[in-house]
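Peer 1: Next come a sequence and a model predicted from it.
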Amino acid sequence: MICLGTVLNIAKQAKEASYVLANASTAVKNNALAMMAKALGEMKAEIIRANQEDVANGRAKGLSEALIERLMLNDKRVDGMIQGLLDVLELPDPVGSGTIIKRPNGLTLLKQRVPLGVVGIIYESRPNVTSDAAGLCIKSGNAVILRGGSEAINSNKAIVSALCRGLVEAGLPASCIQLIEDTSRERVQELFKLREYVDVLIPRGGAGLIKSVVENSLIPVIETGVGNCHIYVDEFADLDMARQILINAKTSRPSVCNAAETLLVHEKVAAEFLPKALAELQKLGVEIRACERTLQIYPDAKLATEEDWATEYLDLIIAVKVVDSIDEAISHINRYGTSHSEAIVTKDYDRANMFLARVDAACVYVNASTRFTDGGEFGMGAEIGISTQKLHARGPMGLEELTTVKYLILGNGQIR
């Protein structure tokens, strides 16, 4: 068990390491990513064994199969973590890029991108976040403090051990990546107070985790992750396309934040679309919670409550509502959505544009699944999280979102 004060020591070490990383060349950082990927491969069996222990513990504690699925690692997922680091390696380094501004008084201003400094990540369940977050932070020149959930502690310890081995082989301090191994509430509360050493906190997880971090942290927070995502099937939709998008958005990986949680269907196509689409969802194990109008068309469902419209299930459950118009669909989304990812299926150009313009979300889709909201799918290699707020960063957060700016001003004796 980590004793009181160790979190402070971790933060102090991270601050010192951030100064080294901020001045590391792209070549040095890329070599570190390559060595980190190599170490993950060398320690793959150890990582999977540690994960199997976490999965067994999770099942013993009664975690749902959806949460077990989020937690589980296998050869393919570890290989994905390795490839994620290599993908980040290939991306342009944002640090040092900038624009030059010439002033009439002769001053030259360089607006240059620099690392944030020390980034704290507080997350649940998914151990691949450990590798993704670390890789993005190293490439963008940030030291990272990781605080995963208790359900994945053995996996996270094994992953961080591998990543730090790679750092050291590349000649960087192991303290560039640190894990708070004590997952108690007291340690995270201690982290919240370390504004002197930690520049930003990024929570990744459910609404409860994010709310706790936002309300208790003295450190600036970037909100991410909560995804009450909607699929709206318009009256002018291609219904076969709509059904395929719906099935993918709900069932391909229901435990992640870009999965669809609510289906909205225009009344003019509801009778034609809903029976086949909902029957297929049920065959795939999805529980249907429906409005009264939906129940008249498809009785084999449960009556939805007001709470259902606002719920991120992260499970094989979907809420279904028949709406009178696209205006009602947009109003419903803006009321109950979490500004994450929303989609319309329509063949009508004007209605697509209306949806794109009026829906308040980080990612708004026309005729595509919400499951594409992902750093890898957006060409970022990986993501530190999906920001649902509007300041500094919004949507999948990649390398550029982990930097800020510094102004370098060159003069020749100017005074004001």
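Peer 2: Yes, it's here.

Peer 1: got the contact list for the nearest residue to residue 205 once chain neighbours are set aside?
Peer 2: Among residues not flanking residue 205 along the chain, residue 124 sits closest, at 3.7 Å (CB to CB, 6 or more residues apart in numbering). In short, each C-beta sits where N, CA and C put it, glycine included. Residues in contact with residue 124 (CB atoms under 8 Å, 6 or more residues apart in numbering) are 148, 149, 151, 152, 204, 205, 206, 209.

Peer 1: rerun at 7 Å
Peer 2: Going by CB atoms under 7 Å, 6 or more residues apart in numbering, residue 124 touches 149, 205, 206, 209.

Peer 1: Look up how far residue 101 lies from it.
Peer 2: 43 Å (CB to CB, to the nearest Å).

Peer 1: and if you look at residue 44?
Peer 2: Using CB to CB, residue 44 is found at 49 Å from residue 101.

Peer 1: of those two, who's got more company?
Peer 2: Shown here are residue 44 and residue 101; by other CB atoms under 10 Å, residue 44 has more neighbours (19 against 12).

Peer 1: host element of the closest residue to the more buried one other than its chain neighbours?
Peer 2: Nearest non-adjacent residue to residue 44, counting by CB to CB, 6+ apart: residue 78, 5.1 Å away. With elements taken from DSSP states H and E, the one containing residue 78 is helix 75-90.

Peer 1: So for that helix, mean pLDDT?
Peer 2: Confidence for helix 75-90, expressed as mean pLDDT, is 95.

Peer 1: which of the residues in it are buried?
Peer 2: 77, 78, 80, 81, 82, 84, 85, 86, 87, 88, 89 (16 or more other CB atoms under 10 Å).

Peer 1: just stretch 88-108 next, same as before
Peer 2: 88, 89, 91, 93, 94, 95, 98.

Peer 1: can you redo those residues as JSON lines with distance to residue 106?
Peer 2: Listed next are the buried residues of stretch 88-108 as JSON lines, based on distance: CB to CB, whole Å:
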{"residue": "88", "distance to residue 106": "40"}
{"residue": "89", "distance to residue 106": "41"}
{"residue": "91", "distance to residue 106": "37"}
{"residue": "93", "distance to residue 106": "31"}
{"residue": "94", "distance to residue 106": "29"}
{"residue": "95", "distance to residue 106": "28"}
{"residue": "98", "distance to residue 106": "19"}
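
Peer 1: Could you identify the most distant pair in those?
Peer 2: Spanning the widest gap among the buried residues of stretch 88-108 are 89 and 98, at 22.2 Å by CB to CB.

Peer 1: give the contact list for residue 383.
Peer 2: 132, 374, 375, 396, 397, 398.

Peer 1: Residue 374 now?
Peer 2: Counted by CB under 7 Å, 6+ apart, residue 374 has contacts 258, 383, 396.

Peer 1: Residue 300 in helix, strand or coil?
Peer 2: coil (DSSP: H, G, I helix; E, B strand; the rest coil).

Peer 1: what does the model give it for pLDDT?
Peer 2: 95.

Peer 1: cool, and residue 72?
Peer 2: 94.

Peer 1: Touching, it and residue 55? I think so.
Peer 2: Yes - shown here, residue 72 and residue 55 form a contact pair, counting by CB atoms under 7 Å, at 5.7 Å.

Peer 1: can you tell me which helix or strand residue 265 belongs to?
Peer 2: strand 260-266.

Peer 1: Partner strands of that strand, with direction?
Peer 2: strand 229-233 (parallel), strand 317-323 (parallel) (DSSP bridges).

Peer 1: Using a markdown table, please lay out those together with mean pLDDT and mean neighbour count.
Peer 2: Shown next, in a markdown table, are those (pLDDT from 0 to 100; neighbours: other CB atoms under 10 Å):
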| stretch | mean pLDDT | mean neighbour count |
| --- | --- | --- |
| strand 229-233 | 98 | 28 |
| strand 317-323 | 98 | 24 |
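
Peer 1: Quick one: closest of the ones you listed to residue 219.
Peer 2: strand 229-233 (28.2 Å).

Peer 1: The next helix or strand after the closest one to strand 260-266, inter-axis angle?
Peer 2: Using DSSP H and E, the helix or strand that follows strand 229-233 in sequence is helix 239-251. Going by axes from the mean of the first three to the mean of the last three CA atoms, to 10 degrees, helix 239-251 is angled at 160 degrees with respect to strand 260-266.
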